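Student: no sequence for this one, just the structure:
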């Protein structure tokens with residue numbers, strides 16, 4: 001076998017032009033497949049990060065039935081027992097309590113329905129990074145009695161920092177809710193839906209406003225490893241009372257986003273499949289050309305005593321060598337571009353950017369750097385290569401020596 005490996009290696013460099021043509025087809029196959037798949041996966045990650053990390057988190061705990069009917073009466077009681085149960089899970093790194101409800105915001109003659117979210121500023125910021133979205137004023141602290149207002153909402157209400165925002169709503173069990181709050185900061189959200197209606201305030205202030213002391217609408221569970229999200233959610237469901245609480249992952253809460261990603265992924269895979277078909281024809285063409293050019297060489301080798309089976313093995317090893325070199329060179333060639341696009345994503349403009357912003361997604365085309373798709377694309381190209389190997393191997397096994405010598 002060692003002699004076969006040496007002979008195959010020498011053979012591929014006897015005709016460098018032929019080898020370089022085959023290598024080029026494999027190089028571009030791997031190169032374009034990795035670039036295309038990296039952008040696809042990066043785009044999906046961008047969609048998830050913009051929506052999930054901007055608001056919902058990966059896992060939430062609610063009072064049973066709250067998600068179907070989001071009213072303040074369906075809140076859960078904040079208890080140490082519940083928090084200890086959640087924190088006891090291995091993959092949990094933090095918990096973010098929230099109280100959310102609707103109210104009527106008023107400034108002078110301007111009024112608008114808004115969503116009021118009570119947060120713990122210190123626990124909320126590591127997940128949603130609201131402090132990084134402040135365009136005016138400052139972020140909330142534990143003792144703050146002010147509010148943060150979304151930028152588009154602030155423009156509509158014609159309000160600025162240090163102005164007073166009047167909120168009127170309905171509190172827990174129908175109690176009237178009304179209050180005046182100074183504006184501590186203006187926040188910009190990529191999502192127009194959030195940017196048109198969000199008002200943040202301190203959790204105790206919000207609980208007092210809605211007369212719902214010690215009550216929460218949701219607990220966002222922050223996790224270490226997002227790949228173990230479903231496993232963590234299942235373990236949490238086993239530990240808490242299903243009659244009192246419901247545990248939901250972002251995929252269950254944001255079904256429209258999941259469907260959008262799945263539909264786009266199918267389209268992406270179809271485009272990748274078309275690319276692979278083009279690649280396959282290119283690989284088959286170069287290997288058929290290589291085989292046709294070597295008919296006389298094969299005939300001479302068999303005529304001097306080389307067994308057809310051994311000759312077929314050597315040709316297969318030659319093709320594997322070229323395949324390995326093509327995959328390695330294609331991967332190495334794509335890595336600098338992928339790294340550059342990872343740190344400098346393409347920013348979209350025009351109607352495409354507006355449509356992405358309407359879904360709350362930053363209009364960029366980032367790239368994912370994950371070993372998984374490098375391995376997958378390399379395996380697909382190898383499979384195409386192994387299918388292509390069948391032709392020269394079958395040709396050699398059926399070789400007519402006299403006709404080969406006459407060619």
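Tutor: Received the coordinates, thanks. Every value quoted in this text rests on a predicted model; they were computed, and no experiment measured them.
Student: Show me the shaky parts of the protein.
Tutor: 1, 352, 355-362, 407 (pLDDT under 70).
Student: so where do the strands sit in it?
Tutor: Ranges of strands in the chain, per DSSP state E, are 59-63, 76-77, 92-107, 110-119, 134-137, 147-150, 164-170, 176-187, 198-202, 215-216, 218-223, 245-249, 346-347, 364-365.
Student: I'd like those strands as TSV, with distance to residue 235 appended.
Tutor: Backbone N, C-alpha and C define where each C-beta goes, glycine included. TSV is the format used below for these (distance: least, Cβ to Cβ, whole Å):
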stretch	distance to residue 235
strand 59-63	11
strand 76-77	19
strand 92-107	10
strand 110-119	26
strand 134-137	36
strand 147-150	34
strand 164-170	37
strand 176-187	34
strand 198-202	31
strand 215-216	21
strand 218-223	11
strand 245-249	10
strand 346-347	39
strand 364-365	35
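Student: which one of the ones you listed is the most hemmed in?
Tutor: Among those, strand 147-150 has the highest mean neighbour count (mean count of other Cβ atoms under 10 Å), at a mean of 27.
Student: Pull up the pairing partners for that strand, direction included.
Tutor: strand 176-187 (parallel), strand 198-202 (antiparallel) (DSSP bridges).
Student: Now render those as JSON lines, adding distance to residue 245.
Tutor: As requested, the strands paired with strand 147-150 are exported to JSON lines (distance: least, Cβ to Cβ, whole Å):
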{"stretch": "strand 176-187", "distance to residue 245": "25"}
{"stretch": "strand 198-202", "distance to residue 245": "25"}
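Student: Tell me which of the ones you listed lies nearest to residue 363.
Tutor: strand 176-187 (19.1 Å; Cβ to Cβ).
Student: got the angle between the closest one and strand 92-107?
Tutor: Counting by axes from the mean of the first three to the mean of the last three Cα atoms, to 10 degrees, strand 176-187 lies at 110 degrees to strand 92-107.
Student: Show me the contact partners of strand 176-187.
Tutor: Residues outside strand 176-187 that contact it (Cβ atoms under 8 Å, 6 or more residues apart in numbering) are 103, 130, 133-140, 144-151, 154, 159-171, 198, 200-201, 205, 209-211.
Student: On the strand side of things, show who the residue lying closest to residue 136 once chain neighbours are set aside bridges to.
Tutor: Closest residue in space to residue 136, ignoring its immediate chain neighbours: residue 186 at 4.1 Å, by Cβ to Cβ, 6 or more residues apart in numbering. Counting by DSSP bridges, residue 186 is bridged to residue 136, residue 149.
Student: do residue 169 as well
Tutor: residue 103, residue 177.
Student: try residue 164
Tutor: residue 182.
Student: Could I get the contacting residues of it?
Tutor: Neighbours of residue 164 in contact, by Cβ under 8 Å, 6+ apart: 107, 180, 181, 182, 183.
Student: where's it relative to residue 106, distance?
Tutor: 10 Å (Cβ to Cβ, to the nearest Å).
Student: cool, residue 390 as well?
Tutor: 76 Å.
Student: for residue 206, same thing?
Tutor: Counting by Cβ to Cβ, the gap from residue 206 to residue 106 is 18 Å.
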